[in-house]
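In: No letters, just coordinates:
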């Protein structure tokens, strides 16, 4: 892995390929390893960079008072340090919300958005009761060893009868969780409401969701699709929350076609 320093943060990242820059933002409590299939599958045409967000993987932890906008500022500095701007920015789950926050705070560094299993912040996409339930569950989980709660969480990330190897990959990543930083990150996502930002998105936007996603279901993706003008929605049959892992080939095909179109047509959708 590579590392760089942004302000007081040590940020680790994986990179492969050359070409137009594609920045990948992972979900939580995962890290850049979730994008191994994109780092390999898209590197023939794009410069693919997947970071470990502050508080995840091999990156240093953020202050406990951090909010989603703080991650967006660190991400913008990360993109500029690597001379990636303007970049195609793809995020899954937490990473999708972060991609939207990045656009809100630093639109000049974003060339296009790819939102996978994404929320307009939990505050913008879920009921208050559901937000509190998820925040409480995170607090309980992070007070115990990952082995005690990872199977239940993975059961919400993958549909039944998914490839056991995927669950093993997720288990390995979750085993390296940063407990305090995870509580901070989830609280930041819970507090975020980006619904007002959706209608302001004026870059090409691809939405990728799994048909069987119980964490970001139809009630989440429909309002996002409706609010972002000219966004393209792809719902992948049989896939759950981790579309980048479970349906990697389909995701990569959709991402490749979308980015080729953006590159060929400038800022048009």
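Out: Happy to help now that I have it. Just so we're clear, the structure is a prediction, and the values are computed from it rather than from any experiment.

In: Just the pLDDT for the closest residue to residue 237 other than its chain neighbours.
Out: Leaving aside its sequence neighbours, residue 237 sits nearest to residue 211 (CB to CB, 6 or more residues apart in numbering; 5.0 Å). In short, each C-beta sits where N, CA and C put it, glycine included. In this model, residue 211 is scored at 98, pLDDT.

In: burial measure for the nearest residue to residue 198 once chain neighbours are set aside, as a count.
Out: Residue nearest to residue 198 in three dimensions, not counting chain neighbours: residue 227, with 3.6 Å by CB to CB, 6+ apart. Other residues lying near residue 227 total 18 when counted by other CB atoms under 10 Å.

In: same question, residue 222
Out: With neighbours defined by other CB under 10 Å, the count for residue 222 comes to 12.

In: Relative to residue 196, how far out is it?
Out: 17 Å (CB to CB, to the nearest Å).

In: Residue 4 now?
Out: In terms of CB to CB, residue 4 sits 32 Å off from residue 196.

In: what about those two, which has more around it?
Out: residue 4 (14 against 11).

In: Now do the more buried one, the pLDDT please.
Out: Among the per-residue scores, residue 4 holds a pLDDT of 96.

In: go on, residue 8?
Out: 87.

In: what does residue 269 give?
Out: 47.

In: next one: residue 156
Out: 97.

In: In terms of helices and strands, where is it?
Out: helix 146-157 (DSSP states H and E).

In: And for residue 238?
Out: Going by DSSP H and E, residue 238 is not in any helix or strand.

In: and the gap between it and residue 220?
Out: 18 Å.

In: so residue 119 touches residue 95, yeah?
Out: No. Assessed by CB atoms under 8 Å, residue 119 is found out of contact with residue 95, at 10.3 Å.

In: Spatially, what comes nearest to residue 55 if we skip its sequence neighbours?
Out: residue 181 (2.9 Å).

In: That neighbour: what's it in contact with?
Out: Contact analysis of residue 181 by CB atoms under 8 Å, 6 or more residues apart in numbering lists 54-56, 61-62.

In: Now the two most distant members of those.
Out: Maximum pairwise distance among these (CB to CB): 9.8 Å, between 56 and 62.

In: overlap in contacts of those two?
Out: Joint contacts of residue 56 and residue 62 (CB under 8 Å, 6+ apart) are 181, 185.

In: show me where the stretch 1-150 of the chain has helices.
Out: Assigned by DSSP state H, counting those that start in this stretch, the stretch 1-150 of the chain shows helices spanning 36-41, 68-81, 94-105, 122-125, 128-142, 146-157.

In: what about the first one, distance to the chain center?
Out: For helix 36-41, the separation from the chain centroid amounts to 15 Å (computed by CA atoms, centre = their mean, to the nearest Å).

In: re earlier: buried sites along the strand or helix carrying the residue nearest to residue 55?
Out: Using DSSP H and E, residue 181 sits in helix 179-191. For helix 179-191, the neighbour count (16 or more other CB atoms under 10 Å) marks 179, 181-190 as buried.

In: coming back round to it: residue 56 and residue 62: which is more packed in?
Out: Applying other CB under 10 Å to residue 56 and residue 62 shows that residue 56 carries more neighbours, namely 27 against 23.

In: could you check the distance from that one over to residue 178?
Out: According to CB to CB, residue 56 and residue 178 sit 6 Å apart.

In: Identify the contacts common to these two.
Out: The contact sets of residue 56 and residue 178 overlap at residue 29 (CB under 8 Å, 6+ apart).

In: who has more neighbours, residue 238 and residue 220?
Out: Shown here are residue 238 and residue 220; by other CB under 10 Å, residue 220 has more neighbours (20 against 13).

In: Might you report the residue contacts of the closest residue to that one other than its chain neighbours?
Out: Nearest residue to residue 220, sequence neighbours excluded (CB to CB, 6+ apart): residue 125, at 4.7 Å. By CB under 8 Å, 6+ apart, residue 125 lies in contact with 119, 216, 220, 223-224.

In: With secondary structure as extra columns, can I get those in TSV?
Out: As requested, the contacts of residue 125 are arranged in TSV below (DSSP: H, G, I helix; E, B strand; the rest coil):
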residue	secondary structure
119	coil
216	coil
220	helix
223	helix
224	helix
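
In: Thanks a lot, catch you later.
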